[in-house]
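**Q** I'll drop the sequence and a predicted model, then ask my questions.
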Amino acid sequence: MVYEARQAVDVPIIGMGGISTAEDAIEFMMAGANAVGVGTAIFSSPTAPLAIVDGMNAWLDRHGIASVSEIVGVVK
């Protein structure tokens with residue numbers, strides 16, 4: 001749905017629903033989300049948002065990407 005929304009509008013999109021890992025967040029952003037929200041994952045791990053940010057930064061470093069904004073909407 002994030003991908004479809006990105007194709008339809010030119011406003012910031014916050015992706016939500018099922019984000020519990022850095023990979024989940026990266027996929028949402030590649031589909032077009034400008035930001036993501038973490039909800040339910042916090043119930044099982046209150047530090048989930050910190051782990052997600054750390055994991056995203058590690059992924060960006062491994063792929064030589066300077067800013068998370070570079071991956072927003074790369075899926076075409």
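**A** Perfect, I can see it now.
**Q** packing partners of the top helix by length along the chain?
**A** When the chain is scanned for its longest helix (criterion: DSSP state H), the result is helix 48-62. Contact analysis of helix 48-62 by 3 or more Cβ pairs under 8 Å, 6 or more residues apart in numbering; DSSP states H and E lists helix 22-31, helix 41-44 as its packing neighbours. For the C-beta atoms, the positions are set from N, CA and C on the backbone; glycine is no exception.
**Q** show me what the shortest one is packed against.
**A** I take that to be helix 41-44. With 3+ Cβ pairs under 8 Å, 6+ apart as the test, helix 41-44 has helix 48-62 packed against it.
**Q** ok, which of the helices and strands packed on helix 48-62 comes nearest Ala51?
**A** Checking the helices and strands packed on helix 48-62 against Ala51 by Cβ to Cβ gives helix 22-31 as the closest, at 7.4 Å.
**Q** buried sites along the next helix or strand after that closest one?
**A** Next along the chain after helix 22-31, taking DSSP states H and E as the criterion, comes strand 35-37. Counting neighbours by 16 or more other Cβ atoms under 10 Å, one finds that the buried residues in strand 35-37 are Val36.
**Q** how far off centre is strand 35-37?
**A** Using Cα atoms, centre = their mean, to the nearest Å, the distance from the centre of strand 35-37 to the centre of the chain it belongs to is 6 Å.
**Q** got the contact list for the residue positioned nearest the centre of the chain?
**A** Nearest to the mean C-alpha position of the chain, by Cα atoms, centre = their mean, lies Ala25 at 2.8 Å. Listed by Cβ atoms under 8 Å, 6 or more residues apart in numbering, the contact partners of Ala25 are 15, 19, 36, 38, 52, 55-56.
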